[in-house]
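Participant: Need a 3D model of the sequence below.
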Amino acid sequence: MSLDIVILAAGQGTRMRSALPKVLHPVAGNSMLGHVIHSARQLQPQGIHVVIGHGAELVRERLAADDLNFVLQDKQLGTGHAVAQALPAITADTVLVLYGDVPLIEVETLQRLLAKVSDKQLGLLTVTLQDPTGYGRIVRNGEGQVTAIVEHKDASEAQKAIKEGNTGILAMPAARLSDWMGRLSNNNAQGEYYLTDVIAMAVADGLVVATEQPHDPMEVQGANDRRQLSELERHYQLREGRRLMAQGVTLRDPARFDVRGEVTVGRDVLIDINVILEGKVVIEDDVQIGPNCVIKDSTLRKGAIIKANTHLDGAVMGEGSDAGPFARLRPGSVLEAKAHVGNFVELKNAYLGEGAKAGHLTYLGDAEIGARTNIGAGTITCNYDGANKFKTVMGEDVFIGSNNSLVAPVEIKAGATTAAGSTITQAVEAGDLAVARARQRNISGWKRPEKIKKS
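Facilitator: Down below sits the predicted model:
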């Protein structure tokens with residue numbers, strides 16, 4: 001059965017107190033609407049139609065993709081009116097309606113809902129809450145069949161006592177939709193065209209309204225203000241934490257851990273507090289990550305150790321390698337097996353061969369460093385002349401003394417040594433010692449200048 005998905009994303013979000021359209025506010029590093037689109041894509045529909053209104057151009061700009069059809073709702077006249085705007089583009093057998101500010105909906109929940117839909121039946125996602133204030137109420141007859149949805153503002157006191165609320169997420173046969181949209185009325189307290197009125201029409205037309213519920217009520221929680229946005233954020237993070245722990249990760253404290261992307265993990269991984277994983281992160285078996293680390297778009301091979309307060313961005317940590325504390329590995333940084341980067345070391349587009357070491361207080365940019373090479377404290381590669389960048393190459397078993405400036409382009413061949421305090425501007429041949437510093441002179445009888453006394 002073919003599927004079209006309509007995502008309602010035209011609301012202003014006045015209570016956000018923001019110039020940013022509501023659906024673009026982030027949860028876990030992705031916009032709320034971005035999360036909904038991600039879930040929609042996993043259902044493999046033939047079309048995804050995003051109804052936009054407030055901030056339409058910005059929404060389109062941020063999320064433009066070949067598989068998205070943006071539909072403009074010039075005036076926000078209700079959910080029914082919004083769906084009607086997408087109607088001309090719908091050609092599938094089934095239509096699923098989602099909401100751009102409900103980012104935690106699970107694909108498995110939507111699959112169960114879609115399984116309810118047929119020519120004679122539509123699927124309605126409801127939720128049972130202790131306090132359903134604000135939700136439309138699900139009205140059932142004596143046999144327990146759904147007969148209508150009454151919006152909270154239009155509900156009687158008896159109807160407000162109903163605990164089962166409408167999530168707004170609805171799946172229905174497309175062949176009926178055009179007729180129902182044409183019969184909607186705005187004769188209600190809000191003066192809007194409610195999509196929920198479709199339920200009473202379906203019942204009157206002899207269709208069965210089959211309900212499904214999410215396993216977790218937070219799946220259908222929307223965000224109308226910053227407080228609700230923060231609740232969604234923390235719930236998402238706890239959910240991701242549970243998923244990772246089920247795969248063999250030890251989280252020291254799931255309440256102090258954030259995922260803002262796609263994370264793949266192995267077994268026996270240890271992650272300490274206040275760790276942030278962003279973008280696409282791959283973590284293999286036996287990796288340890290210390291507290292206060294940020295790891296973005298990086299791969300951590302088996303047994304790698306990331307010590308406290310270390311930042312990785314676009315880096316690869318080899319098997320058994322380690323970095324930190326207080327290290328920074330920028331894009332293009334690669335550590336092979338057992339390589340070591342210590343405290344206050346920064347790498348950018350630098351390759352460290354197996355067992356290579358840069359212990360502390362060092363910058364290595366645009367560098368290729370051979371196996372077992374040792375780089376002394378205070379060393380920098382001078383890779384940028386103000387216009388172009390150049391490469392520094394070190395062979396295997398090189399020893400770089402402390403406080404060296406390596407002026408690229410330059411090559412230091414296998415087994416060579418540079419003396420402490422050197423500025424290396426020429427190639428160093430294999431096995432040679434390079435000393436590039438001024439000869440020391442001691443001047444006896446030298447007198448320090450004295451401060452001139454003011455008259």
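Participant: show me where the stretch 101-250 of the chain has helices.
Facilitator: Under the criterion DSSP state H, counting those that start in this stretch, helices of the stretch 101-250 of the chain are mapped to 107-114, 157-160, 174-182, 197-204, 226-246.
Participant: Tell me which of these sits most buried.
Facilitator: helix 197-204 (a mean of 20; mean count of other CB atoms under 10 Å). In short, each C-beta sits where N, CA and C put it, glycine included.
Participant: Output the contacting helices and strands for that one.
Facilitator: strand 146-150, strand 164-173, helix 174-182, strand 208-212 (3 or more CB pairs under 8 Å, 6 or more residues apart in numbering; DSSP states H and E).
Participant: May I see the buried residues of the first one?
Facilitator: Of the residues in strand 146-150, V146, A148, I149, V150 count as buried by neighbour count, 16 or more other CB atoms under 10 Å.
Participant: does the third one really touch I138, like I thought?
Facilitator: Yes - under the criterion of CB atoms under 8 Å, I149 is in contact with I138, at a separation of 6.1 Å.
Participant: Report the set of residues contacting both of those two.
Facilitator: Common contacts of I149 and I138 (CB atoms under 8 Å, 6 or more residues apart in numbering): N166.
Participant: before we move on, back to that, of the helices of the stretch 101-250 of the chain, give the one that comes closest to G342.
Facilitator: G342 lies closest, by CB to CB, to one member of the helices of the stretch 101-250 of the chain: helix 226-246, at 28.1 Å.
Participant: contacts for that closest one?
Facilitator: 16-17, 25, 27-28, 32, 103-104, 216, 218, 221-223, 251, 254-255, 257-259, 263, 265, 269, 271.
Participant: at 7 Å what do you get?
Facilitator: Residues outside helix 226-246 that contact it (CB atoms under 7 Å, 6 or more residues apart in numbering) are 16, 25, 27-28, 103-104, 218, 221, 223, 251, 254, 257-259, 263, 265.
Participant: starting at the chain centroid, how far to that helix?
Facilitator: 12 Å (CA atoms, centre = their mean, to the nearest Å).
Participant: And for stretch 253-271?
Facilitator: 13 Å.
Participant: Repeat that for stretch 242-250.
Facilitator: Counting by CA atoms, centre = their mean, stretch 242-250 comes out at 18 Å from the chain centroid.
Participant: Output the helices and strands packed on helix 197-204 in a markdown table; the columns should cover mean pLDDT and distance to E278.
Facilitator: Shown next, in a markdown table, are the helices and strands packed on helix 197-204 (pLDDT from 0 to 100; distance: least, CB to CB, whole Å):
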| stretch | mean pLDDT | distance to E278 |
| --- | --- | --- |
| strand 146-150 | 91 | 40 |
| strand 164-173 | 96 | 29 |
| helix 174-182 | 92 | 39 |
| strand 208-212 | 96 | 34 |
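Participant: between these, which one is nearest to A430?
Facilitator: Nearest to A430, of the helices and strands packed on helix 197-204 and by CB to CB, is strand 164-173 at 68.8 Å.
Participant: So which elements touch that closest one?
Facilitator: strand 94-99, helix 107-114, strand 121-128, strand 137-140 (3 or more CB pairs under 7 Å, 6 or more residues apart in numbering; DSSP states H and E).
Participant: Nearest to L177, out of those?
Facilitator: Closest among the helices and strands packed on strand 164-173, using CB to CB: strand 94-99, at 5.7 Å.
Participant: That closest one pairs with which strands?
Facilitator: strand 3-9 (parallel), strand 164-173 (antiparallel) (DSSP bridges).
Participant: now the helices and strands packed on strand 164-173 as CSV including mean pLDDT and distance to E284?
Facilitator: Listed next are the helices and strands packed on strand 164-173 as CSV, based on pLDDT from 0 to 100; distance: least, CB to CB, whole Å:
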stretch, mean pLDDT, distance to E284
strand 94-99, 98, 35
helix 107-114, 98, 26
strand 121-128, 97, 38
strand 137-140, 95, 48
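Participant: so which of the ones you listed gets nearest D297?
Facilitator: helix 107-114 (24.3 Å).
Participant: from the middle of its chain, how far away would stretch 243-251 be?
Facilitator: 18 Å.
Participant: okay, how far is it across that stretch, tip to tip?
Facilitator: 11 Å (CA to CA, to the nearest Å).
Participant: do the same with stretch 245-263
Facilitator: OK, stretch 245-263 end separation, CA to CA: 12 Å.
Participant: And for stretch 447-455?
Facilitator: 23 Å.
Participant: just to revisit the earlier point, same list (the strands paired with strand 94-99) but as CSV, adding mean neighbour count.
Facilitator: Below are the strands paired with strand 94-99 laid out as CSV (neighbours: other CB atoms under 10 Å):
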stretch, mean neighbour count
strand 3-9, 26
strand 164-173, 23
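Participant: Now render those strands as CSV, adding distance to T425.
Facilitator: Converted to CSV, these look like this (distance: least, CB to CB, whole Å):
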stretch, distance to T425
strand 3-9, 59
strand 164-173, 67
